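Asker: After the sequence you'll find the predicted model.
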Amino acid sequence: MKHFLQITDFTVEELQTTLKRTKAYKDNRLDASTCLNKESWGLLFYKSSTRTRVSFEVGIHELGGNPIVLNSQNTQIGRGESIKDTAKVLSRYLHGLVIRAYDHSVVTDFAKYSSMPIVNGLTDFNHPCQILTDLFSILEHLSPEAIDLEAFKGKKVVFYGDTGSNMANSWILAAAYLDFDLVLAGPKGYEPKDTILNALGAKGLNSRHTFESDAQKASEDADVLYTDVWVSMGDEAEANQRKATLKDFQVNQTLLSKAKSNALFLHCLPAHINEEVTEAVIEGPNSIVYDQAENRLHTQKAILAQLKS
């Protein structure tokens, strides 16, 4: 059974195929494959969502399927039913399940006990649908016709802020798997955690990232600047401390001026303006955040189609 829990669950060739299919779906949105014809796919949320819920719900519908939205608190999971039993029962009803959770073990356990494909719609460990969307969004500029992953060779991607976060982990996996350079710009104490380093080792991958505590130095000649919120769901108790510690890693005009003139700015949203990014940058000419948000729809349709192929 094929699942998509992290980017390395697809071969590089499958990732390339998925990206090309993403372009085809975007170019001809309403002329897409009906590969989910009459299938019912569940969307199980342990965390609130805007982009993940709407893009998957619309995408499943456009592929001919029937999306069914579930909430952990409105199902027996909220009353203590085991993941094992839930997975086995839902596998009798559904053709696949997208899960947005806190603990990564939730999606790995569902994959262990399910007889249907499981898609990781976000966990505290990584966000594979988002990183594949990000790669596509960048390739629309680097390789607009071919959408060729080789275009990342020689490019410099910089991730700012909490470099131990799920999005930083996603970029670390992508850089190691696809062989491009990544700079992680953050304060000491917010470095990548052992979990992601162990994940690289488990896949036999060599790290391609470096850690830089000087944000301006990290920005020099960057091709891509990427940031995410400083306070994720579950980190609210640390909000004031995080904002104070991370303030020098705000993506602003000063950092952008150090990058290449045609550098791209990305943010997976929602953004907290004037915390991790200024309004001038996110609304400026280098920003592709709204294209990036739209591309969640097309990329996730391509992921589902790849799981069906």
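Answerer: In hand now; what should we look at? Numbers count the residues shown, from 1 in each chain.
Asker: which regions of the stretch 201-309 of the chain lie under the pLDDT threshold?
Answerer: Along the stretch 201-309 of the chain, no part satisfies pLDDT under 70.
Asker: All the strands of it, in order from the start?
Answerer: With DSSP state E, counting those that start in this stretch as the criterion, the stretch 201-309 of the chain has strands at 209-212, 224-227, 264-267.
Asker: Tell me which of the ones you listed sits most buried.
Answerer: Of the strands of the stretch 201-309 of the chain, the one with the most neighbours on average (mean count of other CB atoms under 10 Å) is strand 224-227, at a mean of 26. Where C-beta positions appear, they are placed from N, C-alpha and C, glycine not excepted.
Asker: quick one: which helix or strand includes Lys20?
Answerer: Assigned by DSSP states H and E, Lys20 belongs to helix 12-27.
Asker: Tabulate the strands of the stretch 201-309 of the chain in CSV, adding columns for distance to Ala202.
Answerer: Shown next, in CSV, are those (distance: least, CB to CB, whole Å):
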stretch, distance to Ala202
strand 209-212, 17
strand 224-227, 25
strand 264-267, 27
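Asker: among those, which is nearest Gly42?
Answerer: strand 264-267 (28.5 Å; CB to CB).
Asker: Dump the C-alpha coordinates for that closest one into CSV.
Answerer: The C-alpha trace of strand 264-267 is given here as CSV (Å, rounded to 0.1, in the frame of the first residue of the first chain):
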residue,chain,number,x,y,z
LEU,A,264,11.5,34.7,-4.7
PHE,A,265,9.8,35.0,-1.3
LEU,A,266,7.5,32.2,-0.1
HIS,A,267,5.4,31.7,3.1
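Asker: Mind listing the residues bridging to Pro67?
Answerer: On the basis of DSSP bridges, Pro67 is bridged to Trp41.
Asker: Pretty sure Arg53 is one of the things it touches, is it not?
Answerer: No: using CB atoms under 8 Å, Pro67 makes no contact with Arg53, being 9.1 Å away.
Asker: The strands of the stretch 201-309 of the chain: which one's closest to Ile196?
Answerer: Smallest distance to Ile196 across these (CB to CB): 9.4 Å, for strand 209-212.
Asker: so where's the longest helix in the chain?
Answerer: helix 289-308 (DSSP state H).
Asker: For the stretch 151-300 of the chain, which segments are assigned as helices?
Answerer: Assigned helices in the stretch 151-300 of the chain, in chain order: 166-178, 194-202, 215-219, 239-246, 253-258, 279-282, 289-308 (criterion: DSSP state H, counting those that start in this stretch).
Asker: circling back to that earlier point, which strands or helices does the helix holding Lys20 pack on?
Answerer: Packing partners of helix 12-27 (3 or more CB pairs under 8 Å, 6 or more residues apart in numbering; DSSP states H and E): helix 128-142, helix 166-178, helix 289-308.
Asker: Adding mean neighbour count, write those helices out as TSV.
Answerer: Shown next, in TSV, are the helices and strands packed on helix 12-27 (neighbours: other CB atoms under 10 Å):
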stretch	mean neighbour count
helix 128-142	23
helix 166-178	24
helix 289-308	22
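Asker: hmm, back to that, distance to Thr227 for the helices of the stretch 151-300 of the chain - can I get that in TSV?
Answerer: TSV is the format used below for those (distance: least, CB to CB, whole Å):
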stretch	distance to Thr227
helix 166-178	9
helix 194-202	18
helix 215-219	10
helix 239-246	10
helix 253-258	10
helix 279-282	9
helix 289-308	10
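Asker: Quick one, which of these gets closest to Ser49.
Answerer: Of all the helices of the stretch 151-300 of the chain, helix 289-308 comes closest under CB to CB, at 10.9 Å.
Asker: domains in the protein, as residue ranges please.
Answerer: 7-127+296-308, 130-292 (automatic domain parsing).
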